[in-house]
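Colleague: following is a predicted model, sequence given first.
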There are 2 protein chains.
Amino acid sequence: MAQNNLEDRIRDYGNAAHMLQNSQVGPYVFPVAPQYTNWIEEVRAWRNGAVLLNQSYHMTDLYVRGPDTVKLLERVGVNSFKGFGRNKAKQLICCNHDGYVIGDVILLGLEDDEVLLIGRPPVSHWVAYQAEISGLDVTTELDVRSLETPDKPRKLYRFEVQGPDALKILEEVNEGGPLTTKFFNMGEITVAGCKARTLSHGMGGAQGLELWGPYEEGEKVMARLLEAGQKYGILRAGARAYSTAAMESGWIPSPLPAIYSGDRMKGYREWLPANGFEATASVGGSFQPDNVEDYYLTPWDLDYGRVIRFDHDFIGREALEKMADRPHRVKVTLVWDREDVLKIFAGMMEEFPAPKLMELPAGHYAAHPYDQVLLNGEMVGISTYPVYSANERAWISLAMVRGDLAEQGTRLSVLWGEKDGGTDKPHVEEHRQMEVGAEVHPWPIHEASRKQYRAQT
Amino acid sequence: MAQNNLEDRIRDYGNAAHMLQNSQVGPYVFPVAPQYTNWIEEVRAWRNGAVLLNQSYHMTDLYVRGPDTVKLLERVGVNSFKGFGRNKAKQLICCNHDGYVIGDVILLGLEDDEVLLIGRPPVSHWVAYQAEISGLDVTTELDVRSLETPDKPRKLYRFEVQGPDALKILEEVNEGGPLTTKFFNMGEITVAGCKARTLSHGMGGAQGLELWGPYEEGEKVMARLLEAGQKYGILRAGARAYSTAAMESGWIPSPLPAIYSGDRMKGYREWLPANGFEATASVGGSFQPDNVEDYYLTPWDLDYGRVIRFDHDFIGREALEKMADRPHRVKVTLVWDREDVLKIFAGMMEEFPAPKLMELPAGHYAAHPYDQVLLNGEMVGISTYPVYSANERAWISLAMVRGDLAEQGTRLSVLWGEKDGGTDKPHVEEHRQMEVGAEVHPWPIHEASRKQYRAQT
């Protein structure tokens, strides 16, 4: 039978979990240069100097417009939308009917009746679908990330200027309007004669800003930022530096969207194409369940329990109300044991097959990395995205662990690599599994970031 | 003053060695995908299965045509050209007037009066220049590698099929003519209805073939090779696998061309552009002389002494005749000590700055990597191109060492990293130097390659 949609594809494969585990598509790629100078100094720049991150390409943008825009957000979002409107921003969390996470995106209130959702594709697709079936008075416009349509220019440029010297540079280039620097508030500045809208948030414990405007103006704005940044030694962050930023910040970019099972999601799976992001996405790592639902995460797993508000009706509300008082996993940073990390690299110099090699600086090998966290051989959590942090001078990952194991200093381990030599993902070399010791730390791992991220004034 | 040529650029910088050491251009890049599956299996394929290497893009091609073609070759080449003509191939070695190496290329006799030179740019440029000033009856045509002109298609596709299963695949696809498999002999086959010319040489101890034809036919030929190769599990080698092939084979790809000094080369430097390959090339590593001539290599350093023939007049002949009986360095493979390699990787997890990080699988960080080889703190040779060989399960480099130190098992060390925290090359992170123990081995390191490479029958 022809595969017209995701539902067909799963039917033909026979098992959604196995389909994802053996996908032929590799990890999520940042479509910018791997490094502009060298990735180590670029990573260090957001903690010690200034860095420019070009976000114009790697995310999917969805515009929602119309009088029912906020109604649609209320339908799909666990967040409260009281007082939401122009120049307000949020991290929007969407769940399925059973309360499991479909994904999260940055939500920008462009106007009172126009919002922009920025993130990986699953939430944009889900919201566009809900707009279509809801009968609400909204229109949507999808601006697909450049990886999928490299020849189509984006609508917006989006840059981030971060690091302890970021505000000095931004003040220097700003030709009008106050710099809005309160956490996740939006503002407007003028750079090189171009009006740009801004979102305030920081990296590495310092204040920073995201700014955007029409794509055509991006070159001019970037030139001005780099020119003003020169005396602060500003560096551009390439894809490799970028790939470690989220883990230092404590953001898990890639919950597998909870859409692959269940009758209530069947209509959506039939709406999604057979070759889209969700259908070809790969899952990698030692957590290899046969039931795709075992991958699903709750908002609490991802530390989004704090944004759920039962002040409106939304998809998943009933299920989340039931879950609310149950025990939840806790999100933590794991710092991998130096000696065990070296055993992985030593494997290069031992007989083949060796432990799964970790690429520098990002060791994961699938769009959705899921490794088992173990305590005395028993699975007590899930670890995602092992990366090397050139600031922390350590390999770290973000994990969701049993609540009683979240205390700093708790000793756990990560089961590294896939069973039986590895799955059929072509970019995974034959390897053997090994246990890597790890220590629990809070997130974000950097003391300064943890204390100051939401305290920006 | 305006910089019109290489000579101007050196004059303005003031010191050629320092100019090259602080170049803003990174290592030589292979303009093909980093990996098609994963680089570890791709490297293993040329020793254990079959691999297709696409050489259509990364080399510079120079065509020389006309009745005086062989006369021009005799003028520039240290090799003998007795019996050279159609379907003969050679590794052509060119020296400057003082007998120092400008470079080497593969020379293919397309017709008796038409040859093709394939390699890094320096030899092609030098031969084109000599053609121009010699007054000989030849014309030249430069087909520049794709990295420099990505939008201009090449004239030829060139593929290499290698590995123990290569000949089985080639026999299967060959629709006409015998497979010529004698080392460095040329032949002609037909694949997918397309005539292709061939050059016989192997990798990893097995017989293989290079084949080429009009660029437009490449897609069809590759499709057929991959189709026939499927049952042998043929893999395509990406840029990362590729970057380790030369070191396993014992070929030093990057002698710095001996053109940056001397009155007799001044005319050539004025002929070369101010922004070409030679002018922007980078040198990296712990060998950091102030005099650019200290980088220059003799044919014996590179083990090309064996091809010098004083049976014709050529540039550098007089100087080489004088050098011939002096003691020469000997080319060897160095196998880096496992424990010291791990200290480099451990540096990631120590205070910044750490030892110079080695990227996987190629650790060098300049177009021309030159590291000091030490014995008890005294420099006794030069090491180039540290790479990880997934076949040898070791980090190796090719080195040129004092003749009495070339015996297998000799213990030496490599000074890894640049002095004083590193040069100004932007892709070099601040680092500290360290000594890495190494053991001398022959080249090519693989027993089978060493014995069989020239024995192909």
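Modeller: Sure, I can see it.
Colleague: where are the low-confidence patches of the stretch 51-200 of chain A?
Modeller: Scanning the stretch 51-200 of chain A for pLDDT under 70 picks out A:146-151.
Colleague: what parts of chain A come near chain B?
Modeller: When proximity is defined by Cβ under 8 Å from any Cβ of the partner chain, chain A lies next to chain B at A:35-38, A:40-41, A:44, A:338, A:341-342, A:345-346, A:348-352, A:357, A:359-360, A:388, A:390, A:393-395, A:426-430. C-beta coordinates here come from the backbone N, C-alpha and C atoms, glycine included.
Colleague: okay, and which of those map to strands?
Modeller: Within the residues of chain A next to chain B, membership in strands is found for A:Y388, A:A394, A:W395, as judged by DSSP state E.
Colleague: buried subset of those, written for PyMOL?
Modeller: To isolate the buried members of these in PyMOL, using 16 or more other Cβ atoms under 10 Å in any protein chain shown:
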select buried, chain A and resi 388+394+395
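Colleague: show me the helices in chain A, by range?
Modeller: When secondary structure is read from DSSP state H, chain A shows helices at A:6-13, A:16-21, A:39-48, A:69-76, A:121-134, A:166-173, A:218-229, A:239-249, A:266-271, A:277-280, A:317-323, A:338-346, A:447-452.
Colleague: among those helices, which is nearest B:A274?
Modeller: Taking Cβ to Cβ as the criterion, helix A:218-229 is the member of the helices of chain A that comes nearest to B:A274, at 24.3 Å.
Colleague: and whatever residue of the stretch 151-300 of chain A ends up closest to chain B, what is it in contact with?
Modeller: Here the stretch 151-300 of chain A gets closest to chain B at one residue, A:L235, 9.1 Å apart by Cβ to the nearest Cβ. Contacts of A:L235 were listed using Cβ atoms under 8 Å, 6 or more residues apart in numbering or on different chains, and they are A:Y36, A:T37, A:E41, A:E42, A:A45, A:G49, A:A50, A:V51, A:L52.
Colleague: can you do 10 Å?
Modeller: With contact taken as Cβ atoms under 10 Å, 6 or more residues apart in numbering or on different chains, A:L235 is in contact with A:35-39, A:41-46, A:49-52, A:163, A:226, A:229, A:241, B:426.
Colleague: what about the residue nearest to it when sequence neighbours are not counted, neighbour count?
Modeller: Using Cβ to Cβ, 6 or more residues apart in numbering or on different chains and skipping residues adjacent in sequence, the residue nearest A:L235 is A:A45, 4.4 Å away. Summarising burial for A:A45: neighbours were counted as other Cβ atoms under 10 Å in any protein chain shown, giving 28.
Colleague: next, count neighbours for A:I259.
Modeller: Burial of A:I259, expressed as a neighbour count using other Cβ under 10 Å, amounts to 24.
Colleague: residues touching it, list them.
Modeller: With contacts defined as Cβ under 10 Å, 6+ apart, A:I259 is in contact with A:6, A:16, A:96, A:100, A:102-103, A:122, A:125-126, A:129, A:265-266, A:268-269, A:272, A:278, A:292, A:296.
Colleague: list the contacts for the residue lying closest to A:R65 once chain neighbours are set aside?
Modeller: Excluding the flanking residues, the one nearest A:R65 by Cβ to Cβ, 6+ apart is A:E114, at 4.6 Å. Under the criterion of Cβ under 10 Å, 6+ apart, the contact partners of A:E114 comprise A:Y63, A:V64, A:R65, A:G66, A:T69, A:R86, A:L108, A:V138, A:T139.
Colleague: that older thread, distance to A:D311 added to the helices of chain A, as CSV?
Modeller: Shown next, in CSV, are the helices of chain A (distance: least, Cβ to Cβ, whole Å):
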stretch, distance to A:D311
helix A:6-13, 33
helix A:16-21, 34
helix A:39-48, 36
helix A:69-76, 9
helix A:121-134, 19
helix A:166-173, 35
helix A:218-229, 38
helix A:239-249, 28
helix A:266-271, 26
helix A:277-280, 30
helix A:317-323, 10
helix A:338-346, 46
helix A:447-452, 28
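Colleague: which stretch in these has the least confidence?
Modeller: Out of the helices of chain A, helix A:447-452 stands lowest, with a mean of 67 (criterion: mean pLDDT).
Colleague: from the contacts of A:I259, list the buried ones, please.
Modeller: Among the contacts of A:I259, those classed as buried by 16+ other Cβ under 10 Å are A:6, A:16, A:96, A:100, A:102-103, A:122, A:125-126, A:129, A:265, A:268-269, A:272, A:278, A:292, A:296.
Colleague: show me which positions of stretch A:416-425 end up buried.
Modeller: In terms of neighbour count (16+ other Cβ under 10 Å), stretch A:416-425 has its buried residues at A:W416, A:G417, A:E418, A:G422, A:T423, A:K425.
Colleague: check the separation of the first and last residues in that stretch.
Modeller: 16 Å (Cα to Cα, to the nearest Å).
Colleague: now stretch A:402-414
Modeller: 14 Å.
Colleague: now that stretch: buried residues?
Modeller: Buried residues in stretch A:402-414, defined by neighbour count with 16+ other Cβ under 10 Å: A:R402, A:L405, A:A406, A:T410, A:L412, A:S413, A:V414.
Colleague: and these as CSV, adding distance to A:T384 and pLDDT?
Modeller: Supplementary listing: the buried residues of stretch A:402-414 in CSV, determined by distance: Cβ to Cβ, whole Å; pLDDT from 0 to 100:
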residue, distance to A:T384, pLDDT
A:R402, 16, 98
A:L405, 16, 98
A:A406, 16, 97
A:T410, 18, 97
A:L412, 14, 98
A:S413, 15, 98
A:V414, 10, 98
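Colleague: mark which of those residues are part of strands, please.
Modeller: A:L412, A:S413, A:V414.
Colleague: for the stretch 51-200 of chain A, what spans make up the strands?
Modeller: In the stretch 51-200 of chain A, the strands defined using DSSP state E, counting those that start in this stretch lie at A:51-54, A:60-65, A:89-95, A:101-111, A:114-119, A:139-143, A:156-162, A:186-191, A:194-200.
Colleague: could you dump these to TSV with distance to A:K331?
Modeller: Below are the strands of the stretch 51-200 of chain A laid out as TSV (distance: least, Cβ to Cβ, whole Å):
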stretch	distance to A:K331
strand A:51-54	23
strand A:60-65	24
strand A:89-95	13
strand A:101-111	12
strand A:114-119	18
strand A:139-143	30
strand A:156-162	22
strand A:186-191	26
strand A:194-200	23
